[in-house]
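> predicted model, plus sequence, below.
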Amino acid sequence: MFTTLQKPVRSSLPDDLFTAINDLKKKLNAVILAHYYQDPDIQDIADYIGDSLGLSRQAERTSADVIVFAGVHFMGETAKILNPDKLVLLPDLDAGCSLADSCRPEEFAEFKARYPDHLVVSYINCSAEIKAMSDIICTSSNAVDIVRQIPENRPIIFAPDRNLGRYVMEQTGRDLVLWQGSCIVHETFSERAIVRLKVERPDASVIAHPECEPPVLRHADYIGSTTALLKHARQSSGKTFIVATEPGIIHQMRKEAPDKTFIPAPAMNHCACNECPYMRLNTLEKLYLCMRDKTPEITLPEAIREKALRPIQRMLEMSA
């Protein structure tokens, strides 16, 4: 849940946005947190770039007065849950998440009620209301490890991503009850196009995010979170990689391994659907405007925030 007092007025943008944003950062005592899927300019000016787990840890630890979250709704909400007394800004109020939208609170409450003895483990890509109905939050970085820490005699609901849930089941041998949500980006990759690309580039390794569908994961030489994919690409002896996740991560891959080649995995119908339309709503101009005007601001009802805080804290404790 998020509100704003007004829309930013789009006028008189400075010529040098990087300098202007850095000046505002000092003035506001602000920190800029950015996801790997953001525009390269935003990644380059951010104080911290990471995946959902890393960003959560940074949000928990920051001493800044203002958190500018270059990401999507649920990320800004997570920062607010962890920092109720700080101003949390989101560059574009419409930057949502297809996966979070696939799990509506009222529908999930009915689903959960059918399994009253089940522990609820929810992927962090969900709304604050879903987090408030969960027992433990996880990310793609720690989902397997967290499920392994839960006693085997305790049944588990895993929400909202069915593909990550299937991957966790395969890795842990646990039988999970899956909410049938998914990410539009990670479901667009074409198995046929990836196979064709592998034939054309036999030297290339396929690295994939576990949110991808099983036919794509079957062709992956390595599966991991965005941070894990970045680390693997940097440390691997391989020189060419087909990257099956949102291509924003490739900016960091090229910076950390400039001698290697990174190819975005093809989407179906040769479209640009492998780019998250929500992540790409944030721009450097909007980042400047939200800091200048101190809006849009993420706010949450305190009752929801307190309930959502506990499962996030459990995740951070179990991921130490």
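Arrived safely. Numbering: from 1, shown residues only.
> ok, residue 15 - how many residues close by?
Residue 15 has 6 neighbours, counted by other Cβ atoms under 10 Å. (Each C-beta comes from the backbone N, C-alpha and C, glycine too.)
> that one: what's it in contact with?
Contacts of residue 15 were listed using Cβ atoms under 8 Å, 6 or more residues apart in numbering, and none were found.
> so it, which state does it fall into?
coil (DSSP: H, G, I helix; E, B strand; the rest coil).
> from residue 289, how far out is it?
From residue 15 over to residue 289 the distance is 15 Å, taken as Cβ to Cβ, to the nearest Å.
> would you mark the buried spots in the top helix by length along the chain?
Using DSSP state H, we find that the single longest helix of the chain is helix 302-318. Going by neighbour count (16 or more other Cβ atoms under 10 Å), the buried part of helix 302-318 is 304-305, 307-312, 314-316, 318.
> and what of stretch 13-30?
Those would be 17, 20-21, 24-25, 28, 30, for stretch 13-30 by 16+ other Cβ under 10 Å.
> identify the residues contacting the longest helix of the chain?
Taking Cβ under 8 Å, 6+ apart as the rule, helix 302-318 contacts 1, 56-57, 60, 77-78, 80-82, 84, 122, 124, 128-129, 131-139, 142, 145-146, 149, 300.
> dump the C-alpha coordinates for it into CSV.
Presented in CSV, the C-alpha positions along helix 302-318 are these (Å, rounded to 0.1, in the frame of the first residue of the first chain):
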residue,chain,number,x,y,z
GLU,A,302,1.1,0.6,11.2
ALA,A,303,-0.9,-2.7,11.9
ILE,A,304,0.2,-4.1,8.6
ARG,A,305,3.7,-2.9,9.0
GLU,A,306,4.1,-4.5,12.4
LYS,A,307,2.7,-7.9,11.2
ALA,A,308,4.9,-7.8,8.0
LEU,A,309,8.0,-6.9,10.0
ARG,A,310,8.1,-10.2,11.9
PRO,A,311,8.5,-12.6,8.9
ILE,A,312,11.1,-10.3,7.4
GLN,A,313,13.1,-10.3,10.6
ARG,A,314,12.9,-14.1,10.7
MET,A,315,14.3,-14.2,7.2
LEU,A,316,17.2,-12.0,8.1
GLU,A,317,17.9,-14.0,11.2
MET,A,318,17.8,-17.3,9.3
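> residue 208 is in contact with residue 222, correct?
Yes - when contacts are counted by Cβ atoms under 8 Å, residue 222 is listed as touching residue 208 (7.5 Å).
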